[in-house]
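**Student:** what shape does this take:
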Amino acid sequence: MFTYDDIVGQRLLQNSFYDIDQDTEKLCLEYLPTDFSNTIEVKKIFENETYSLLLNLFELDTTDSKVPFYDLKKLLFIEKETDEINELDLDDIDFNITNTKKFIEGYLKDYNILTKAYPIVNIIFSKVWTILKYLLCKDYIYNGIYKVDYDTAATTYTKLYNDINYILNNREKMKQELLDIFHLFAEYKVKLPTSEVALIYQAYNQHQKNDLIFNELNPYIRNKGNDTLDSWKDIINTLPSKLNAPLEFPVCDSLTKFTMQMVQLLINNEQSIRKCKNCNRYFVVKYSSLAEYCSRNVDGTSSTCQEYASKKTYKKRQVENALYQVFTTYYNRIYGRIRRGNLDKDTTLLDDIKSLHQEYAIKYNDISDKGAKTKLIQEFISLAENLIK
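**Tutor:** Below is the predicted model of the structure:
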């Protein structure tokens, strides 16, 4: 949660950026020191498993979104008629604000609500900070070491304006392309490497003359000179060596860069997106994985969807198991006698019937003949009757 004090303070926020360390992703703030003898301070403000922010950005990690992503538009307090601007479209008068402190407090309130629902929005905080800092400098409220001038504010606002509008205008189309490339084949259990799926998808849409947002984002459709390859045959021949090379990303400090880099990473790692059969939220796995459930906790429990599904499957099999049904009958009879006071609380009968069931369950599961299973159940019943006499 950012406050007015974060803007009016003496430290200079140089950058806010996204980074990945092995299987963990994080969002960080990079501050210049107030004492020039000190080093740059990097503060981590978010950390989670890789791709959690991508799924969250496209609302693939939740089934109930209470904060509309379009509220991001509230951060653009200078309105223009076009979706893309440059510095010349702005004027110093655009930054005239009545009651600067009250405005910044309200602005940050909206910002904090957004980042709570969509943490990736924190990637643009350095731009937000620079613009708000300029408002303080413009009104002579801040007079510290790190002042922000108009040119810096205009350049920063231009970047923020274009980044936000691009994401808002293209988010739904991006989401559909993301699902088409990384989910559709997985849903139909087609075990093709993700890189090949992406190529097929691009080839099909190229043939259909459909414009794709992510078409230009795939790093495997360009040669060493960064020119677009002429044919899909060239792409396929180039692909293996490309996949063996590690991806090297520039500093990821905007929403647009983030979506580009994450799509490239998914392709490079041959990963797909699946919908969890328990919670209906999406999760990322290797394209060859058979996983159908995610590792998120089931609401109100400490069990993950994977654990929940495993327990549910086990219980279902037990209910359908004739021997287990007989065991449950005898277990409940013993438990009922204990509750009514007909058996001592310290009796070992409950443990005895469990042990007997475990012994016969092994034999039962090893038998495939229906008649032999029935005979085994009769033996179990006979021993259980003798046990509870």
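**Student:** these two touch, right, Val8 and Leu136?
**Tutor:** Yes. With contacts counted by CB atoms under 8 Å, Val8 reaches Leu136, the gap being 6.0 Å. Where C-beta positions appear, they are placed from N, C-alpha and C, glycine not excepted.
**Student:** okay, those two: which has more neighbours?
**Tutor:** A count of neighbours by other CB atoms under 10 Å puts Leu136 above the other of Val8 and Leu136, at 20 against 16.
**Student:** against Ile145, how distant is the more buried one?
**Tutor:** Distance of Leu136 to Ile145, computed by CB to CB, to the nearest Å: 13 Å.
**Student:** one more: Ile120?
**Tutor:** As judged by CB to CB, Ile120 and Ile145 stand 31 Å apart.
**Student:** likewise Val284?
**Tutor:** Here the distance between Val284 and Ile145 works out to 43 Å (CB to CB).
**Student:** ditto for Asn332
**Tutor:** Asn332 is 76 Å from Ile145, where distance means CB to CB.
**Student:** what's the answer for Ile353, then?
**Tutor:** Taking CB to CB as the measure, Ile353 falls 78 Å from Ile145.
**Student:** cool, and Thr3?
**Tutor:** For Thr3, the distance to Ile145 - CB to CB - is 20 Å.
**Student:** where's Cys28, which helix or strand?
**Tutor:** Assigned by DSSP states H and E, Cys28 belongs to strand 24-32.
**Student:** contacts for that strand next, please.
**Tutor:** Strand 24-32 is contacted by residues 11-20, 40-53, 119-120, 122-123, 125-126, 146 when judged by CB atoms under 8 Å, 6 or more residues apart in numbering.
**Student:** next SSE after the lowest-mean-pLDDT helix or strand in the chain?
**Tutor:** One helix or strand of the chain scores below all others by mean pLDDT, DSSP states H and E: helix 232-244, with a mean of 58. Note on helix 232-244: by DSSP H and E, the next helix or strand toward the C-terminus is helix 255-268.
**Student:** from the rest of the structure, what touches that following helix?
**Tutor:** 18, 20, 50-51, 53-54, 57, 120-121, 123-124, 163-164, 166-167, 174, 178, 181-182, 194-195, 198, 214, 217-220, 243, 247, 249-250, 252, 272-273, 284.
**Student:** show me the chain divided up by domain.
**Tutor:** Following automatic domain parsing, the chain resolves into domains at 1-289, 321-388.
**Student:** turn the ones you listed into JSON lines, columns for distance to Gln306.
**Tutor:** Listed next are these as JSON lines, based on distance: least, CB to CB, whole Å:
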{"stretch": "domain 1-289", "distance to Gln306": "9"}
{"stretch": "domain 321-388", "distance to Gln306": "23"}
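**Student:** so which of those domains gets nearest Thr301?
**Tutor:** Nearest to Thr301, of all those, is domain 1-289, at 11.3 Å by CB to CB.
**Student:** quote the end-to-end distance of that closest one.
**Tutor:** 38 Å (CA to CA, to the nearest Å).
**Student:** next one: stretch 71-80
**Tutor:** 17 Å.
**Student:** just stretch 271-288 next, same as before
**Tutor:** Length of stretch 271-288, first residue to last, CA to CA: 8 Å.
**Student:** and for Glu25, the neighbour number?
**Tutor:** When neighbours are counted by other CB under 10 Å, Glu25 comes out with 21.
**Student:** now Ile334
**Tutor:** The number of residues near Ile334, taken as other CB under 10 Å, comes to 19.
**Student:** do Leu32 as well
**Tutor:** For Leu32, the neighbour count with other CB under 10 Å is 16.
**Student:** same question, Lys312
**Tutor:** Applying other CB under 10 Å, we find 12 other residues in the vicinity of Lys312.
**Student:** what strand or helix carries it?
**Tutor:** For Lys312, the host element (DSSP H and E) is helix 305-319.
**Student:** then Thr62?
**Tutor:** If you go by DSSP H and E, Thr62 is not part of any helix or strand.
**Student:** tell me the contacts of the spatially closest residue to it that is not a sequence neighbour?
**Tutor:** Closest residue in space to Thr62, ignoring its immediate chain neighbours: Arg281 at 6.4 Å, by CB to CB, 6 or more residues apart in numbering. Arg281 sits next to Leu55, Leu60, Asp61, Thr62, Thr63, Lys275, Cys294, Arg296 when contact means CB under 8 Å, 6+ apart.
**Student:** pipe those residues into JSON lines and attach distance to Val263, pLDDT and neighbour count per row.
**Tutor:** Listed next are those as JSON lines, based on distance: CB to CB, whole Å; pLDDT from 0 to 100; neighbours: other CB atoms under 10 Å:
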{"residue": "Leu55", "distance to Val263": "13", "pLDDT": "95", "neighbour count": "19"}
{"residue": "Leu60", "distance to Val263": "14", "pLDDT": "93", "neighbour count": "20"}
{"residue": "Asp61", "distance to Val263": "17", "pLDDT": "89", "neighbour count": "20"}
{"residue": "Thr62", "distance to Val263": "21", "pLDDT": "81", "neighbour count": "14"}
{"residue": "Thr63", "distance to Val263": "23", "pLDDT": "63", "neighbour count": "9"}
{"residue": "Lys275", "distance to Val263": "19", "pLDDT": "91", "neighbour count": "17"}
{"residue": "Cys294", "distance to Val263": "20", "pLDDT": "89", "neighbour count": "24"}
{"residue": "Arg296", "distance to Val263": "22", "pLDDT": "87", "neighbour count": "17"}
